[in-house]
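Undergrad: below is the sequence, then the predicted model.
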Amino acid sequence: MTAPTASARTDALIAVTEAVRHHGPSLVALSHSLHAEPETALREHKSAAKIALLAEDAGFEVTRGLAGLPTAFVATYGTGDLVVALCAEYDALPDIGHACGHNVNGAASAGAALGLAPVADLLGITVKLIGTPAEEDIGGKALLLEAGVFDDVAAAFMAHAAPEDSVGASSLAIGSWDVVYRGNPAHAALAPWEGINALDAITLAHTAVGLLRQQLPPGTLVHDVIYEAGNAVNVIPETARARFELRARTTEDLAHARHRVRACLEAAALATGAELELTPHGADFADLRQDEFLTRAYTRAAQDLGREPVDRRGEVMASTDMGNVSHLLPALHPTIGYDTGGAHHHTAPFARYGDTPGADRAVLDAATALAQVGVELATDLAQRTRCLDLLAHRRS
């Protein structure tokens, strides 16, 4: 690709902005529809279909069902050598719906893809809208990454709903286990000595991890929830089930924490005589590494829209499977803010603000800014070459 003129870049920026504006009513309607019909991880059949159909109607070629995930999809437009991915999230949380704002996230990524489509041939890009299910659970992006869906992608973008605009933050690496202790039942009054108490095992595990927390490095966290620990008060519990989740600042710290927590779980089995089953729950999420050029380009675009993103470089937010993507290719994951009445993610009050005028503006502003980042990347020859060289190195 020859060096673009300043006017060509300006024309492309205007074109993507106008395209997002043109699709604005459909994008807001999409966000509201996702919000009104929240679907949890791996059950997002209607949600995925809504986004895929919108892309298909705009001329994208759509493939549904990928990597063994029936609610994943890929929609592509253009034939350029620079493949730019927009990651669309759309899963909700059990009982509290879109309490992480994924209706905003998904609609914004769809909007950015629709915005870039009219200039794809001009810029020599392929626009790849990737429907990524189960971010709140097993990590759809990580599984799609393993399945090769990102193999041709030079850079990947998305924006996440939040109470504020921000750029540059990292995230915590995360992994989890499904934990089962199996003992022997016995009558709790007549012959308790004949039983092996799975409830005792899960209690010891919970206590041991609680004591371990004092010795864990800053930023390393462990959470657990118990799903089952017996059914009848007069029967020694035969089975106990739980999930333990670990978070750390880096994937290396996560591996260290996993070793320490596993020792606590095994010690509980040893002390009680129960059998321990550990099963990884979904994929581990890596820490997020945001690309500096993409971050600067997004900041400029957001400022042009009247927003002032807070610079969160060096800080960490919760966890995201976009971290896995960011370890392999240049990635962008800012937050797009709107008034949530002071409510934070993963709460019912946060979800209630997901279809407000502020959230609607966030959809359109994020779509516009992400699309403009795509233009900046495609027309900056040094950055374009950098991303393509990184892609060639990954594929060699």
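TA: Perfect, thanks for sending it. Numbers count the residues shown, from 1 in each chain.

Undergrad: so which bits of the longest helix along the chain are buried?
TA: The helix that spans the most residues within the chain, counting by DSSP state H, is helix 6-36. Within helix 6-36, the residues that count as buried by 16 or more other C-beta atoms under 10 Å are 9, 12-13, 15-17, 19-20, 23-24, 26-28, 30-35. Backbone N, C-alpha and C define where each C-beta goes, glycine included.

Undergrad: right, and the helix or strand after the least confident helix or strand in the chain by mean pLDDT?
TA: For the chain, using mean pLDDT, DSSP states H and E, the weakest element among its helices and strands is strand 316-317, scoring a mean of 91. Downstream of strand 316-317, the next assigned helix or strand under DSSP states H and E is helix 322-326.

Undergrad: run through who's touching that following helix.
TA: In this structure, residues lying in contact with helix 322-326 by C-beta atoms under 8 Å, 6 or more residues apart in numbering are 87, 139, 141-142, 145, 150, 156, 158, 171, 173, 283, 285-291, 331, 333.

Undergrad: ok, of those residues, which come out buried?
TA: Judged by 16+ other C-beta under 10 Å, buried ones among those: 87, 139, 141-142, 145, 150, 156, 158, 171, 173, 283, 285-291, 331, 333.

Undergrad: so which of the residues you listed are in helices?
TA: 141, 142, 145.

Undergrad: what's the closest of those residues to residue 182?
TA: Closest approach to residue 182 among those (C-beta to C-beta): residue 142, at 29.5 Å.

Undergrad: distance of that closest one relative to residue 60?
TA: 24 Å (C-beta to C-beta, to the nearest Å).

Undergrad: which SS state does residue 59 fall under?
TA: coil (DSSP: H, G, I helix; E, B strand; the rest coil).

Undergrad: that one touches residue 117, doesn't it?
TA: Yes - between residue 59 and residue 117 there is a contact under C-beta atoms under 8 Å: 6.8 Å.

Undergrad: which one's more surrounded, those two?
TA: More crowded of residue 59 and residue 117, by other C-beta atoms under 10 Å: residue 117, with 24 against 12.

Undergrad: tell me who's in contact with the residue nearest to the more buried one when sequence neighbours are not counted.
TA: Among residues not flanking residue 117 along the chain, residue 77 sits closest, at 4.5 Å (C-beta to C-beta, 6 or more residues apart in numbering). With contacts defined as C-beta under 8 Å, 6+ apart, residue 77 is in contact with 55, 58, 59, 60, 61, 113, 116, 117, 120, 126, 127.

Undergrad: from these, pick the one nearest residue 227.
TA: So of the contacts of residue 77, ranked by how close each gets to residue 227 (C-beta to C-beta), first place is residue 55, at 37.9 Å.

Undergrad: report the angle between the helix or strand harbouring the closest one and helix 6-36.
TA: If you go by DSSP H and E, residue 55 is part of helix 45-57. Going by axes from the mean of the first three to the mean of the last three C-alpha atoms, to 10 degrees, helix 45-57 is angled at 150 degrees with respect to helix 6-36.

Undergrad: could the ones in helices among the buried ones among the contacts of helix 322-326 go into CSV alongside pLDDT?
TA: Shown next, in CSV, are those (pLDDT from 0 to 100):
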residue, pLDDT
141, 98
142, 97
145, 98
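
Undergrad: closest to residue 221 out of these?
TA: Scanning these for proximity to residue 221, where the rule is C-beta to C-beta, the winner is residue 142, at 19.5 Å.

Undergrad: show the pLDDT at the residue nearest to the closest one when sequence neighbours are not counted.
TA: Counting by C-beta to C-beta, 6+ apart, residue 283 is the residue found nearest to residue 142 once chain neighbours are left out, at 3.6 Å. Looking at residue 283, its pLDDT stands at 94.

Undergrad: again with residue 1
TA: For residue 1, pLDDT reads 59.

Undergrad: residue 276 sits in which helix or strand?
TA: strand 275-280.

Undergrad: show me where pLDDT drops low in this structure?
TA: Applying pLDDT under 70 to the chain picks out residues 1-5.

Undergrad: let me know the outermost residue of this protein.
TA: residue 190 (51.4 Å; C-alpha atoms, centre = their mean).

Undergrad: how close does residue 53 sit to residue 103?
TA: 16 Å.

Undergrad: higher neighbour count, these two?
TA: A count of neighbours by other C-beta under 10 Å puts residue 103 above the other of residue 53 and residue 103, at 29 against 13.

Undergrad: ok, the more buried one - contacts?
TA: 31, 32, 34, 35, 38, 90, 92, 354, 355 are the contacts of residue 103 under C-beta under 8 Å, 6+ apart.

Undergrad: can you report how many residues lie near the closest residue to the fifth one other than its chain neighbours?
TA: Right, the one you point to is residue 38. Using C-beta to C-beta, 6+ apart and skipping residues adjacent in sequence, the residue nearest residue 38 is residue 92, 3.3 Å away. Using other C-beta under 10 Å, residue 92 is surrounded by 27 other residues.

Undergrad: can I assume residue 92 is in contact with residue 36?
TA: No - with contact defined as C-beta under 8 Å, residue 92 does not count as touching residue 36 (10.8 Å).

Undergrad: who are the packing partners of the helix or strand containing residue 271?
TA: Using DSSP H and E, residue 271 falls within helix 251-272. Counting by 3 or more C-beta pairs under 8 Å, 6 or more residues apart in numbering; DSSP states H and E, the packing neighbours recorded for helix 251-272 are strand 173-182, helix 198-212, strand 239-248, strand 275-280.

Undergrad: same for the longest one, what does it pack against?
TA: In this structure, helix 198-212 packs against strand 173-182, strand 221-229, strand 239-248, helix 251-272, with contacts taken as 3+ C-beta pairs under 8 Å, 6+ apart.

Undergrad: perfect, I'm done here.
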